[in-house]
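Student: please find the sequence and the predicted model below.
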Amino acid sequence: MISVSQIQEAFEQVLEKDANRLAREIGFVKRERNLSGADFVQTLVFGWLEKGDASLERLTQVAQEREVTISAPGFSKRFTPQAAILLEKILGCLAQYRMRAETVDIPLLRRFSAVILEDSSSVTLPTVLVKVWRGCGGSRNASKSAVKIHVRWDVLSGELTGPILTDARVPDVRSPFKETSLPAWSLYIADLGYFDLAWLGQLAKRVDGEKRFFLMRLKGQVKLYWRTGKQIELHGLLPQQVGQAAQYGVLVGARARLPARLIMIRVPEDVAEQRQERLREDAKKDGKQVTEEQLYLAQWILLITNVPSKLMSMAEALILVRLRWQIELLFKLWKTYGQVDEWQTKKPWRILCEFYGKLIAMLLQHWLLLLGCWHDPHRSIVKAAEVIRRAALRLMAALHADASVARVLHSIQRSMRSGCRLNTRKTYPNTSQLLLDGLDWPIGELASLPMVEGSGET
C-alpha cells in the first residue's frame with residue numbers, strides 16, 4: 001500500500017538520482033554547471049504543479065528553491081531536444097511505479113479484485129514536431145503532430161497504470177495495454193473505442209479457475225445470437241415503456257459468438273434527446289453523419305457483460321457503467337488545472353518539455369491524492385489537488401534539503417482531512433452517492449440520470 005516512505009523513496013530515486021544520471025547520459029548536461037538534471041526537472045515539475053501557467057520568469061524564481069540562480073533567457077536556452085528526451089524518460093521511470101492505496105470502502109466495488117477503467121486523451125502539438133509524435137491529419141489547417149495519453153485506472157485501489165504515450169493516430173482499439181493482463185476476478189469498463197470482441201473473448205476466458213469480467217455498451221451493427229445459434233432481431237426485444245428493463249443471455253458477434261448478458265433499459269424521452277444531440281455533435285467533430293439506427297437506439301441503454309446476475313444486478317450494472325465517466329474527469333483535472341495541453345510559447349521544444357513536465361506533475365499529484373484522501377468514497381480530487389498545489393514548492397525545497405520530505409507529505413495528508421469532500425447533490429447525485437445509496441433506487445430512476453456527470457468534481 002502507498003505510504004509516505006514509498007513516495008519519498010520514489011522522489012529521491014527518480015527526481016534526484018535518475019534525473020542527474022540521465023541528464024549526463026543524454027547529453028543535456030555536458031559538464032558541471034549550476035543547473036543539474038535534477039535542478040531542471042524539479043523546477044519544471046514542481047513549478048507547473050504549483051501553477052499550471054507558470055511563466056519562464058516564475059520558473060526562475062522556483063529554481064531558487066534549489067539555490068539555482070538563472071536568468072529567464074538562460075533558462076529558455078535549456079529547452080532543447082535533449083531536455084525533452086530527459087523529461088520523457090523521467091515520465092517513463094515514474095510510470096513504472098505501482099502506487100496503490102487501501103481499497104475504498106464501497107461494497108459494490110469490493111465484489112471485484114479491481115475495477116479497471118481505460119481511456120485516452122489527445123494533445124495537439126506544433127506541426128514541426130511531427131517526427132516525434134504523429135497526429136491524425138484531418139483538415140488542411142490542422143496540425144500533423146499530436147500525442148495520445150493512454151491510462152488504465154483501478155478505481156478500487158486508485159492505482160494508475162501509465163500514462164503511456166503514442167502517436168495520436170493510434171486508435172483506442174489498439175491500446176498499448178492490450179498485452180497487459182488484468183488481475184483475476186477484476187472488472188473492466190471502457191467506452192466503445194475499446195470494443196473488440198476478440199480481445200474481450202480472451203479477457204473472459206477462465207484460466208486456472210480464475211475469471212475476469214467486462215462491462216461495456218453494445219456497439220451498433222454488432223450481430224446478436226441466441227445460444228441456439230439463431231440470429232436475434234434486436235428491435236423485437238427492446239422494452240417499450242420508460243424505465244422498463246430486460247436482460248437475456250446472448251452470443252455477441254458473427255464470428256466471436258461471445259457469451260454475454262444483454263441488458264436493455266428504456267430511458268426517458270428528455271434523456272434520449274440529450275443522447276441523440278451528443279451523437280450529432282460527436283459525428284460532426286469526426287466529419288461523419290449519424291444514422292437513423294443510431295438515433296433510434298439512443299432511446300435505450302444497451303450493455304453487454306459477462307458478470308453473472310447473482311454478482312451484479314441490472315441496476316448495479318447501470319451504476320457501474322457510469323464509472324467510466326470518472327476517467328474523463330481525471331483527464332479534465334489534468335487539462336483544466338494541470339494545463340497539460342496549454343503553453344505560453346510557440347517554440348516547439350519548449351512546448352514538448354512543457355507537456356512532459358506537466359504530465360509528470362499530474363502523475364505525482366495522483367500519488368499524493370492516493371496518499372491523502374483515497375480512503376474517503378466522497379473525496380473531491382479537485383479540492384484535494386488544490387492542497388497539493390499549495391504545498392508543491394515546500395515539497396521541492398524539502399527534497400533539495402534532504403531533510404523534511406516526510407514532514408511535508410504528512411502535512412499534505414492532514415490538510416486533506418477537511419474541506420476535500422464532494423457536496424451532495426439531489427438532482428444529479430455524485431457517482432459516490434450512487435455507489436453507496438443508489439442500490440435501492442428503482443431502475444427507472446437510475447435510467448433517468450444522464451450517463452455523464454455535470455460536475456467537474458469526482
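Tutor: Thanks, I have the structure now. Numbering: from 1, shown residues only.
Student: what residue ranges in the stretch 301-450 of the chain are flagged as low confidence?
Tutor: 402-403, 450 (pLDDT under 70).
Student: assumed His136 was part of a strand.
Tutor: Actually, residue 136 is Cys. It isn't His. No. Secondary structure of Cys136 (DSSP: H, G, I helix; E, B strand; the rest coil): coil, not part of a strand.
Student: need the strands for the stretch 51-200 of the chain, in chain order.
Tutor: Ranges of strands in the stretch 51-200 of the chain, per DSSP state E, counting those that start in this stretch, are 115-125, 145-154, 160-167, 187-190.
Student: out of the ones you listed, which comes closest to Leu435?
Tutor: The closest of the strands of the stretch 51-200 of the chain to Leu435 is strand 115-125. By C-beta to C-beta, the value is 10.2 Å. For glycine as for every other residue, the C-beta is placed from the backbone atoms N, C-alpha and C.
Student: average pLDDT for that closest one?
Tutor: If you average the pLDDT over strand 115-125, you get 96.
Student: helices or strands up against that strand?
Tutor: On a contact count with 3 or more C-beta pairs under 8 Å, 6 or more residues apart in numbering; DSSP states H and E, strand 115-125 meets strand 145-154, strand 187-190, helix 324-336, helix 348-373.
Student: which of these sits closest to Leu251?
Tutor: Of all the helices and strands packed on strand 115-125, strand 187-190 comes closest under C-beta to C-beta, at 19.4 Å.
Student: partner strands of that closest one, with direction?
Tutor: strand 115-125 (parallel), strand 213-217 (parallel) (DSSP bridges).
Student: show residues contacting that strand.
Tutor: 112, 114-119, 172, 182, 203, 212-216, 307, 320-321, 323-324 (C-beta atoms under 8 Å, 6 or more residues apart in numbering).
Student: just the CA trace of that strand, in PDB.
Tutor: Provided in PDB are the C-alpha atoms of strand 187-190 (Å, rounded to 0.1, in the frame of the first residue of the first chain):
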ATOM      1  CA  LEU A 187     -14.000  -5.900 -13.800                       C
ATOM      2  CA  TYR A 188     -13.000  -4.000 -17.000                       C
ATOM      3  CA  ILE A 189     -15.000  -0.900 -18.100                       C
ATOM      4  CA  ALA A 190     -14.300   1.200 -21.200                       C
END
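Student: so who does the spatially most central residue of the chain touch?
Tutor: Centroid check for the chain by C-alpha atoms, centre = their mean gives Ile327 as the closest residue, at 4.1 Å. By C-beta under 8 Å, 6+ apart, Ile327 lies in contact with 117-119, 151, 153.
Student: winner for burial among the strands of the stretch 51-200 of the chain?
Tutor: Ranked by mean neighbour count, the strands of the stretch 51-200 of the chain are led by strand 187-190 with a mean of 25 (mean count of other C-beta atoms under 10 Å).
Student: nearest to Pro268, of the helices and strands packed on strand 115-125?
Tutor: Relative to Pro268, the nearest member of the helices and strands packed on strand 115-125 by C-beta to C-beta is helix 324-336, separated by 18.9 Å.
Student: relative to strand 160-167, how tilted is that closest one?
Tutor: Angle of helix 324-336 versus strand 160-167, following axes from the mean of the first three to the mean of the last three C-alpha atoms, to 10 degrees, is 70 degrees.
Student: please identify the buried residues of helix 324-336?
Tutor: Across helix 324-336, burial judged by 16 or more other C-beta atoms under 10 Å covers 324-335.
Student: stretch 259-272 now?
Tutor: So for stretch 259-272, counting by 16+ other C-beta under 10 Å, buried means 260-267, 271-272.
Student: contacts for stretch 73-89 next, please.
Tutor: By C-beta under 8 Å, 6+ apart, stretch 73-89 touches 19, 22-23, 26-28, 35, 37, 40-41, 44, 56, 59-60, 63, 132, 165, 347, 349-350, 352-353, 356-357, 360.
Student: for stretch 8-28, what does the pLDDT average out to?
Tutor: Mean predicted lDDT for stretch 8-28 stands at 96.
Student: may I have the distance across that stretch, first residue to last?
Tutor: 25 Å (C-alpha to C-alpha, to the nearest Å).
Student: cool, stretch 92-99 as well?
Tutor: 14 Å.
Student: what's the answer for stretch 52-72, then?
Tutor: Start to finish, the residues bounding stretch 52-72 are 18 Å apart (C-alpha to C-alpha).
Student: contact partners of that stretch?
Tutor: Stretch 52-72 has contacts (C-beta under 8 Å, 6+ apart) with 34-35, 38-39, 42-44, 46-48, 50-51, 75-76, 337-339, 342, 344, 358, 393, 396-397, 400.
Student: okay, now Gly37: neighbour count?
Tutor: Neighbourhood size, Gly37 [other C-beta atoms under 10 Å]: 24.
Student: if I pick the nearest residue to it once chain neighbours are set aside, what's in contact with it?
Tutor: Nearest residue to Gly37, sequence neighbours excluded (C-beta to C-beta, 6 or more residues apart in numbering): Ala23, at 2.5 Å. Listed by C-beta under 8 Å, 6+ apart, the contact set of Ala23 reads 29, 36-38, 40, 86.
Student: buried residues, stretch 124-137. List them.
Tutor: For stretch 124-137, by 16+ other C-beta under 10 Å, it's 124-126, 129, 132-136.
Student: now these as CSV including distance to Pro442?
Tutor: As requested, the buried residues of stretch 124-137 are exported to CSV (distance: C-beta to C-beta, whole Å):
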residue, distance to Pro442
Thr124, 44
Leu125, 48
Pro126, 52
Leu129, 52
Val132, 52
Trp133, 48
Arg134, 49
Gly135, 46
Cys136, 43
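Student: for stretch 13-27, measure first residue to last.
Tutor: First-to-last residue span, stretch 13-27, C-alpha to C-alpha: 20 Å.
Student: same question for stretch 218-233.
Tutor: Start-to-end, stretch 218-233 (C-alpha to C-alpha) is 14 Å.
Student: pLDDT of that stretch, averaged?
Tutor: On average, stretch 218-233 scores 94.
Student: starting at the chain centroid, how far to that stretch?
Tutor: Counting by C-alpha atoms, centre = their mean, to the nearest Å, stretch 218-233 is centred 32 Å from the centre of its parent chain.
Student: how about stretch 178-194?
Tutor: 14 Å.
Student: in that stretch, what's buried?
Tutor: By neighbour count on 16+ other C-beta under 10 Å, the buried set for stretch 178-194 is 182, 186-191, 194.
Student: ok, those residues vs Lys284, which is closest?
Tutor: For the buried residues of stretch 178-194, the minimum distance to Lys284 (C-beta to C-beta) is 18.3 Å, reached by Asp191.
Student: tell me how far the closest one lies from Asp172.
Tutor: The spacing between Asp191 and Asp172, counted by C-beta to C-beta, to the nearest Å, is 8 Å.
Student: and if you look at Ser181?
Tutor: From Ser181 to Asp172 the distance is 19 Å (C-beta to C-beta).
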